[in-house]
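>>> model this:
(one chain, ligands or ions: 1)
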Amino acid sequence: MTSPTPPTRIGFIGLGNMGSGMTRNLQRAGYQLIVNDIRPDSAEALIAGGALWADSPAAVAAGSDVVITMLPTPRHVEAVLHGSTGILAGLADGGAWVDMSTSVPEVANRVRSENAARGLRVLDAPVSGMAVGAANGRLQIFVGGDPADVAWLRPVFEAMGDPERILHVGGHGAGYAVKLMINQLWFSHLVATAEVLSIGVKAGVDLATLRTALIASPANSNFIEHDVLSILNGGDYDEGFAIALACKDLGLSIDLARAVGVPAELSGLVEQIYRRARAQYGDRAGEMTPVRLYEELIGVDLRLAPDTSPVPTPAAGAATAAATETGLAA
Ligand code: NAD
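Residues are numbered from 1 along each chain as shown. So this is what the prediction gives:
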């Protein structure tokens with residue numbers, strides 16, 4: 001049953017790159033926070049701003065109207081749920097848990113089925129927008145769950161995200177699926193674009209000419225038009241989103257495909273190419289470093305010559321802004 005009282009006390013577990021910005025925005029919006037992280041120092045600024053510290057996930061749950069988790073992987077989420085110090089031990093019957101991590105539905109499905117009699121409200125609400133979107137409250141949020149629960153929590157989401165881009169995408173698990181499919185398609189675009197540009201350049205076509213022709217063709221994509229420019233213009237492979245996390249997301253995509261019984265040959269190949277780049281360049285390399293594999297293969301850095309036109313046109317400026325804002329998979 002949905003509580004008619006709007007939530008005011010938010011429990012938040014996971015104060016990392018994303019969670020730190022999200023909690024700051026919740027605090028600014030006037031919510032009482034009760035927080036936990038395995039790194040207590042990550043809560044210092046929040047506590048100075050009036051947040052309460054809880055020693056365990058159970059204590060977070062006991063003191064809040066809704067508990068939000070923002071943790072690296074399903075394994076980390078599982079770790080804060082169970083046992084005498086876990087969220088489920090502290091949550092009252094009818095209590096609410098929202099997982100905003102990029103994850104797969106299994107963990108939440110198990111929580112719902114094993115606690116069916118308790119009337120828990122469980123939502124998945126993963127996000128896009130990177131740490132900068134978390135910091136400035138402009139995240140895109142994909143919510144899966146019951147409509148009444150989504151409506152009840154909408155003001156909480158709006159404190160962290162762009163109201164226009166907070167989407168209720170379906171029932172339980174739909175949020176996780178949408179987020180994973182967005183990342184999967186973007187990573188696939190990246191690998192396909194790297195391959196095509198490398199072959200074309202190796203065949204003797206000028207890079208700028210090739211890109212212009214692709215943009216003007218039915219094969220155009222947001223990736224080739226905008227996102228690849230961070231490499232082509234500046235050799236920036238986006239260390240803001242580590243390839244280790246990209247590989248995690250790709251692995252979860254494959255897990256999801258397996259769980260629903262759909263072969264994922266192409267996604268599997270993209271995942272392997274990402275894993276090769278991770279092995280070669282390290283966990284902290286940027287999410288776009290698979291392009292470097294191709295550059296090394298052809299012995300050419302894919303770079304555009306600096307733009308020598310005297311004054312940028314408004315259209316070119318808009319394209320650059322779009323690349324910066326919507327750029328990357330995270
Ligand atoms: P992060 O590693 O920066 O932060 C995770 C936090 O969880 C850390 O502060 C860590 O100490 C804490 N933590 C880990 N285990 C814990 C436990 N058992 N109990 C309490 N705290 C624990 O990760 P992040 O970049 O904030 O990402 C979080 C999630 O958001 C991931 O699923 C990621 O894929 C997703 N995501 C990240 C980005 C991005 O750009 N970084 C963008 C969109 C989505």
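
>>> please identify the buried residues of stretch 106-114?
107-108, 111-112 (16 or more other Cβ atoms under 10 Å). The C-beta positions use only the backbone N, C-alpha and C, and glycine is treated the same way.

>>> so where's the longest strand in the chain?
Counting by DSSP state E, the longest strand found in the chain is strand 161-170.

>>> now the angle from the helix or strand just after that one to strand 161-170?
Using DSSP states H and E, the helix or strand that directly follows strand 161-170 along the chain is helix 174-202. Interaxial angle, helix 174-202 versus strand 161-170 (axes from the mean of the first three to the mean of the last three Cα atoms, to 10 degrees): 100 degrees.

>>> does any part of stretch 36-49 sit near the ligand?
Yes: using Cβ under 6 Å from any ligand atom, stretch 36-49 comes into contact with the ligand via 36-39, 42.

>>> quick revisit: so for the longest strand of the chain, mean pLDDT?
The average pLDDT for strand 161-170 rounds to 98.

>>> so how far is it from its chain's centroid?
Here strand 161-170 is found 14 Å from its chain centre; the criterion is Cα atoms, centre = their mean, to the nearest Å.

>>> packing partners for that strand?
Judged by 3 or more Cβ pairs under 8 Å, 6 or more residues apart in numbering; DSSP states H and E, strand 161-170 is in contact with strand 139-144, helix 147-160, helix 174-202.

>>> next one: residue 147 from residue 173, what distance?
15 Å (Cβ to Cβ, to the nearest Å).

>>> so which bits of the chain are right by the ligand?
So the chain meets the ligand at 13-19, 36-39, 42, 70-72, 76, 79-80, 101-102, 127-128, 130-131, 241, 245, 330 (Cβ under 6 Å from any ligand atom).

>>> let me know the angle separating the helix or strand residue 245 falls within from helix 174-202.
Element membership of residue 245, judged by DSSP H and E, is helix 243-260. Interaxial angle, helix 243-260 versus helix 174-202 (the same axes, to 10 degrees): 120 degrees.

>>> report the buried residues of helix 243-260.
243, 245-250, 252-257.

>>> over to stretch 35-46?
Buried residues in stretch 35-46, defined by neighbour count with 16+ other Cβ under 10 Å: 35-37, 42-43, 46.

>>> now swap in stretch 90-110 and tell me
Applying 16+ other Cβ under 10 Å to stretch 90-110 flags 90-91, 95-105, 107-108 as buried.

>>> just to revisit the earlier point, what sits up against the helix holding residue 245?
Residues outside helix 243-260 that contact it (Cβ atoms under 8 Å, 6 or more residues apart in numbering): 72-74, 102-106, 176-177, 180-181, 183-184, 187, 263-264, 267-268, 270-271, 274-275, 277-278, 281-287, 289, 329-330.
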